Each structure stands twice: as C-alpha cells, then as structure tokens.
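> one predicted model, sequence on top.
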Amino acid sequence: MAPQTFRPERRHLLRHGLALGLSGTLLLPPVQRWAQAADDFIRGPAVPDQPLQRLSPRVAMVFAADGFPTPENRGMMANIIFVLTSVGVVVLDTGASVQIGEMAIRRLRTLTDKPVVAVVNSHYHGDHFLGNDAFVQAFGPALPIHAHPAARAQIQGMAGNAWRSLMERWTNGATMGTQVVPPDRDAGHGTTLRFGDTTLKFHHHGRAHTEADLCVEVLEDGVVYVGDVAMNGRIANMDDGSYLGTLKTFDTLERDVPGALWVPGHGHASRTLLAEQRLLFSGIYRNCEAAVKAGEDEAQARRRVLADPTVAAHAGRTQGWDGNIGKYISLAYLEAEKAAF
C-alpha cells in the first residue's frame, strides 16, 4: 500500500495551523521555518528547469540527462515531448512526479501560450505517467489522456500506486505530493488523432518494452516518439518485455516509417537509434539463444554475450551497464529457453 500523502488543502491547514497558535497569535519565526520544512517534506521540492530541445517544426523535448531516479535528480529521468499544433499542445509522457510536470509546463510556456489539449502515456511505468497530475491541475480534469488499454488497466490498478511509492523511495521523498491520475482514453495500433494542422498516428506491435507500448508518429514532421521501446545510452528495462518482440517492433517501425527521427523516452533523438539498438538487443539475445541450443548454462551464455563486439561496443556509452548487463543477459537466456520449447 502506498504511503499516505496530503492533499493541497490539508497542507495549507497544516502550514498555517503551525504558524498560528490556537488563539490566532503569530508564533516565532523558528516555528514558521519548521512549518515550511514540514510542508516541503509532505510535498517534495520543485524540480529545476531542464534543457529544452527543438527537434522539428512541431516537436520539442524536455531532456532528461539521467536514466535512473535519484534523490539528486528528484526523479527527472525521462524525456517529456511537446507536439505543437495549431489548436494546442499534445504532451507525450509527463514525467515521474507532479513537480516534474510543473517544471515541464514552465518550459512549455517559453515556446507557446497555447493550452495543452491532450496527453499520451506511452506505457505504464511511473516515470512516464506520474506527471499527469500537474497537467490535469493546470488544464482541467477533462483533459484527455490517451494510452493503450493494457496500460490504462495497469495504472488504474496496482501499478499506479506501486510506481508512486517506488518513486518516493528512490528519490528520498522528492516526489511526494504526487497523485495518480490514470489515462481515460484508449488508443491502439493504427489509431489516428488530428489536432488542427497536425496528425498523430499510433503504432503498437505487441510486447516489446511492455505489452502496452504506444509509439507516436507525428506524420507531418517524420518524427516518431518510441517511448521506452528503444533508449539512447541506456538499455531498456526488459522485466515486462521481450527481446524478440522488441526486434520485431524495430523492424516494423523502420519498414512503416523509413527515415524517421526516432525520439526515445531516455536519451537523445537519433535517426540511427533503432539500427544501433537492434545490434545491442540482437547481440544479447542471439548469443543466449545459441547457448541454449548448445546446452550451455547461463554463465556460459554470459561469456558469449560479453565477448560479442557488437555488445561490447555499447558498454562505455550505456548508463548503468556494469550493474545491469547481468540481469539483461539472464532475462534473454530465460526467453531463449522458453522459445526453445
């Protein structure tokens, strides 16, 4: 069960109730400072403004330099994408907390004064949907939030509060005050949404990073937001995913949207991102597959993977490599074992 968080009106009462005595007499400044500290604990601190990158005429990105949540980065670990249309802004993923969402809105205001007219959550991991809270507060509870039906179900169920609790723990409370706001609109493969002069097309090709990944194509600009199906400078977490499904998704996206600018949920946008990540994912999985066919154990599979130059080439430029590559090999070996039966 997620820890108790305070709603804004309760924080207001707590802060002013502590600053004023029961008789209404103003208390001493040290008590007021303690009250402010209590408020900062109940609702985590603001997130500093992050770099804003213009990727195309319609697409901009609030860039997250870090790939993992820490107390120092206050959970700022995933990119936030703005699609600037003639009728308003569509936000693709909203960050890991209400504070990150608020920061994103500040950055958006340096680009346009148009309202946010829709949000898309690419999947159900918390660094991509917990910022919904800020956008609903700023643009109203009727703001449409789109996601794959399986992602909606996960966020409405246990995943919503579980991810909120994890972010609070990983950031030492910096994300506290965030409320889970689930998506309220279904989207799937082939769904097309028109916003004035801009068309968004959704792609879903089965289980990749999760079973519920939505990649969003901005047709007029040749830009595709791939969420966490591919990452730049970090390996996509595969606990809920599939190597074979990821490789299939890469192949299908490149076939359907040739020459696109691929925008990941983590790392820089690149036209060669899927090709580079295919080498990494294929190097991990195919070596594990070969080990399984040869009757070798997981330790032998690990030696095969680490000796592969296409895999080794990613080691120096991938965040968290040493601490995570063993886990990724283990997951690939288990998937190869399952596929062999």
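Thanks, I have the structure now.
> I'd like to know which elements whichever strand or helix holds residue 155 is packed against.
Using DSSP states H and E, residue 155 sits within helix 149-156. Judged by 3 or more C-beta pairs under 8 Å, 6 or more residues apart in numbering; DSSP states H and E, helix 149-156 is in contact with no other helix or strand. No exception for glycine: its C-beta is placed from N, CA and C like everyone else's.
> so how far is it off the chain centroid?
Remark: helix 149-156 is offset 15 Å from the chain centroid, using C-alpha atoms, centre = their mean, to the nearest Å.
> not counting that helix itself, show me its contacts.
The contact list for helix 149-156, computed with C-beta atoms under 8 Å, 6 or more residues apart in numbering, reads 121-124, 129, 147, 160, 180, 182-184, 186, 188, 210-212, 214.
> so which of those belong to helices?
Residues of these located in helices (DSSP state H): residue 160.
> which of the contacts of helix 149-156 fall in strands?
When the contacts of helix 149-156 are checked against strands (DSSP state E), the matches are 147, 186.
> give me the buried subset of the contacts of helix 149-156.
Among these, the ones that count as buried by 16 or more other C-beta atoms under 10 Å are 121-124, 129, 147, 160, 180, 182-184, 210-212, 214.
> so which bits of the helix holding residue 155 are buried?
Result for helix 149-156 [16+ other C-beta under 10 Å]: buried residues 150, 151, 152, 154, 155.
> dump these to CSV, plus distance to residue 171 and pLDDT.
Conversion of those to CSV gives the following (distance: C-beta to C-beta, whole Å; pLDDT from 0 to 100):
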residue, distance to residue 171, pLDDT
150, 27, 98
151, 23, 98
152, 25, 98
154, 21, 97
155, 19, 98
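> mind putting those residues into TSV with distance to residue 265?
Shown next, in TSV, are the buried residues of helix 149-156 (distance: C-beta to C-beta, whole Å):
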residue	distance to residue 265
150	17
151	13
152	18
154	16
155	16
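> for those, which one is nearest residue 335?
Using C-beta to C-beta, residue 150 is the member of these that lies nearest residue 335, at 19.4 Å.
> roughly how far does the closest one sit from residue 109?
For residue 150, the distance to residue 109 (C-beta to C-beta, to the nearest Å) stands at 33 Å.
> where do the strands sit along the stretch 201-341 of the chain?
Ranges of strands in the stretch 201-341 of the chain, per DSSP state E, counting those that start in this stretch, are 215-218, 223-227, 261-264.
> most packed of those strands?
Stretch with highest mean neighbour count among these: strand 223-227 (a mean of 27; mean count of other C-beta atoms under 10 Å).
> residues making contact with that strand?
For strand 223-227, contacts defined as C-beta under 8 Å, 6+ apart pick out 55-56, 58-59, 81, 92-93, 122-123, 128, 203, 209, 213-218, 253, 257, 260-265, 269, 273-274.
> can I get that strand in PDB? Just the C-alpha atoms.
Extracted in PDB, the C-alpha atoms of strand 223-227 (Å, rounded to 0.1, in the frame of the first residue of the first chain):
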ATOM      1  CA  VAL A 223       9.200  12.100 -36.100                       C
ATOM      2  CA  VAL A 224       8.300   9.000 -34.000                       C
ATOM      3  CA  TYR A 225       8.300   9.000 -30.300                       C
ATOM      4  CA  VAL A 226       9.200   5.400 -29.400                       C
ATOM      5  CA  GLY A 227       8.900   5.700 -25.600                       C
END
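> next one: that strand to chain centre, how far?
With C-alpha atoms, centre = their mean, you get 12 Å for strand 223-227.
> list the neighbouring strands of that strand plus their orientation.
strand 215-218 (antiparallel), strand 261-264 (parallel) (DSSP bridges).
> so residue 163 sits against residue 123, correct?
No - Residue 163 lies out of contact with residue 123 (C-beta atoms under 8 Å); the separation is 11.2 Å.
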